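Participant: coordinates only, no sequence provided:
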């Protein structure tokens, strides 16, 4: 036991500067040799980077014990090393604007710059120098994942990115490792906290979309330009990563069907509630046996009884269906500096352990070359809200059009019109059918004389 | 690409007998050398063992691609090799009654015998022969974990046991690896599906305990002798494992306070509902900074708004609170042959990958020697249901006794007595206080003249 440890903390972590203290405390020392420090470089000092640097300092003793060697922060790359403020306690001599140079002199490089370049170049430089990489960069992984995996494999180093999907929630490691013996058939995820917060505000407080987005911006949940979230780009990148890991194949972000929440109205939200649903932006990836993978991001009606319906505010959750495991759900904070830093530092510990032990984690598993299928092949259900003429024969006409597209109806509900005299609201919920047939059905209904307006058509998922 | 693959399955798994096919399909072959088969021995052919053997056969191609080498089942140890029935397709020549001998001739030994012996001896024999071990045996781990970890470490092999806690739910790998950079402060788990089913039946269908247990037995959720589940032994073993992993220390099952659901009445369940709660059997492990760990298993009132309240039927869920990650929840099937087999085969793939790559997973992390603290030090809240004399001054007397123990009251509700003339029901919910003070309070209330009966006293958790 290290005599240098604070006497007021008799069971606290060992002094990381004392290698003997790392081997075990209060029990016979394990015969592990003292290990050299693992050199860690952090690229990017934004919200997440700041918290990572803080955790590395504050938890140094614990992390050293868990890794089997101290983690030594050898540098932090920032755009402007002279800028302020910086995290308290950070030695400013560690700051550099040379991300690529820094990446070449560490054992573990933590890429938190975001975007494509210079993040991609710095990661490749890290691999070339024999460093393992931890990143939270979903956009880069979705766009250049295969190149990065291949570079890591050639260099014999690790590429870990738990924080790239669903923030603090451990979902990638379970998919890559825990479920490696199972056959995943479908993943449904609420993987964008901003849009979940916005939809939750619309549901709980009756806000319209614009007001809910402003509220999210005020609380720091949404960017000044919220389009990456609102339009589903962020969720689509995560869907590509989830699909690739779940199905052992490569699905690029371009293979993900994407529809954001920009068209969701307060009326949609109210209609959802009236039928026992909430609207969620879902990332859905499903395997259609050996034919391929369908990956899609769109708003969906989720029944209140489904576990995903209870995911409130900026929380994330990923619901996994596997042949042997059945249904699993992983729930937690999907964004925010500190929760995301938890996932990043977890990955740092993992790859640092590998460095100390001379081992490697599992690499890319893409032995199946499953194509990304068009969304028209997806099987889904649709809740169609029509404003119709309030006269005999309308329901028959609507039902005939729907049946004519090979779609069957699960439920119909006609309510007194809120759209003026002579009009009625007609809500139709279909049984499961191909997306293509359902969209053609909606188009045909819009052309019916009896239909004044298609007020909404939202997919129903999670049943 | 293997020409031997079924032509009707153009993107199916590679032929595991063709090493070239394992390197990659439809892309340039990776330069990995053909790997020798990984020899797998399964000890025990019960519900879980049967499903594991079936999955190993049915998913052989996929598993070979994921591991990088075929998995070869070299034997299955059973009590009586001549007994029937056996899983369809299982080569009876693989059956043996010599578990220890079989354990000595495999690369990966899968222990599914359960209980202490001969499971412990077979695992030690496997380690001695250089085999890694996958087990689902929570009782053995809770009783002999340190010995097994130490033997694995000395032998330089893996010990994995994801299936030992919460069946199919990936919870141990997240605790050991994903959260390795964080500080876990508390884990609340519904880790026994039998008792959760029983309590859910009592809640949803108004059954009393005995009827709900019979129902669970009829459906195969409960054993003929349900005491291991009902009395909380199973949950206590899992709590010990969770505490050890979450807090990097060794907590034996004997260090876990245990109270089963045997005393939970239909009246308790009704009273819970009346105050917006459900009763769950929780395994709670919490770290009291550097002082130690409190691990306890007992029935608790969980507010309906808490994610654990929605865990129905035989499902399990583990709720984790960590300093950086915040709240996380892991949800899924906690029992059953097939879900448990998913976790077992996931571990088989992991340790087989390590065998092929010449690497090892993280070993035991117990660098903190935190003591198991007595439950009297736990901080909790209590809902106390009293039958009192319906006369002036009773509430004052009750409040005085409670205050006299340093406990403060959050809410009091007095309702017309259902216990006869002159009596009233008084429900008191305390603020958080030390368990010891709360139990002393209940004892003192029972001795009050004004109190005819303490009808119930249940802890409130998850707020």
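Facilitator: Yep, that arrived. Because the structure is predicted, anything quoted here is derived from the model rather than measured.
Participant: okay, CA-based contacts and neighbour counts for the rest of this
Facilitator: Will do.
Participant: can you tell me the residue of the stretch 51-200 of chain A closest to chain B?
Facilitator: residue A:181 (4.1 Å; CA to the nearest CA).
Participant: ok, now which ones touch that residue?
Facilitator: Contacts for residue A:181 (CA atoms under 8 Å, 6 or more residues apart in numbering or on different chains) come out as B:63, B:342-349.
Participant: now do the strands in the stretch 201-350 of chain A.
Facilitator: A:256-258, A:277-288, A:292-303, A:315-322, A:326-333 (DSSP state E, counting those that start in this stretch).
Participant: in CSV: the ones you listed, plus mean neighbour count, distance to residue B:321 and mean pLDDT.
Facilitator: Compiled in CSV, those are given as follows (neighbours: other CA atoms under 10 Å in any protein chain shown; distance: least, CA to CA, whole Å; pLDDT from 0 to 100):
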stretch, mean neighbour count, distance to residue B:321, mean pLDDT
strand A:256-258, 23, 33, 98
strand A:277-288, 25, 25, 97
strand A:292-303, 25, 27, 97
strand A:315-322, 24, 14, 97
strand A:326-333, 23, 10, 97
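Participant: out of these, nearest to chain B?
Facilitator: Short answer: strand A:326-333, nearest of those by CA to the nearest CA, at 4.3 Å.
Participant: give the pairing partners of that closest one; include direction for each.
Facilitator: Sheet pairing for strand A:326-333, assigned by DSSP bridges, gives strand A:315-322 (antiparallel), strand B:326-333 (antiparallel).
Participant: possible to save those strands as TSV with distance to residue A:164?
Facilitator: Shown next, in TSV, are these (distance: least, CA to CA, whole Å):
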stretch	distance to residue A:164
strand A:315-322	13
strand B:326-333	16
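Participant: out of those, nearest to residue A:92?
Facilitator: Comparing those against residue A:92 with CA to CA, the closest turns out to be strand B:326-333 (29.4 Å).
Participant: what are the buried residues along stretch A:120-139?
Facilitator: Neighbour counts using 16 or more other CA atoms under 10 Å in any protein chain shown place A:120, A:122-139 of stretch A:120-139 among the buried residues.
Participant: again with stretch A:144-160
Facilitator: A:145-146, A:148-149, A:151-153, A:155-160.
Participant: contact partners of that stretch?
Facilitator: So stretch A:144-160 is in contact with A:123-124, A:127-128, A:130-135, A:141, A:250, A:347, A:351, A:360-361, A:363-364, going by CA under 8 Å, 6+ apart.
Participant: relative to the whole chain's centre, how far out is that stretch?
Facilitator: Centre-to-centre, stretch A:144-160 and its host chain are 21 Å apart (CA atoms, centre = their mean, to the nearest Å).
Participant: pLDDT on it, on average?
Facilitator: What stretch A:144-160 shows for mean pLDDT is 96.
Participant: ok so, going back, looking at the buried residues of stretch A:144-160, spot the one nearest residue A:291.
Facilitator: Nearest member of the buried residues of stretch A:144-160 to residue A:291, counting by CA to CA, is residue A:146, at 21.4 Å.
Participant: looks to me like the closest one is in a helix.
Facilitator: Yes. Assessed with DSSP: H, G, I helix; E, B strand; the rest coil, residue A:146 lies in a helix.
Participant: please identify the helix or strand for the residue lying closest to residue A:348 once chain neighbours are set aside.
Facilitator: Sequence neighbours aside, residue A:134 is the residue nearest to residue A:348 in space, at 6.5 Å (criterion: CA to CA, 6 or more residues apart in numbering or on different chains). Assigned by DSSP states H and E, residue A:134 belongs to strand A:132-135.
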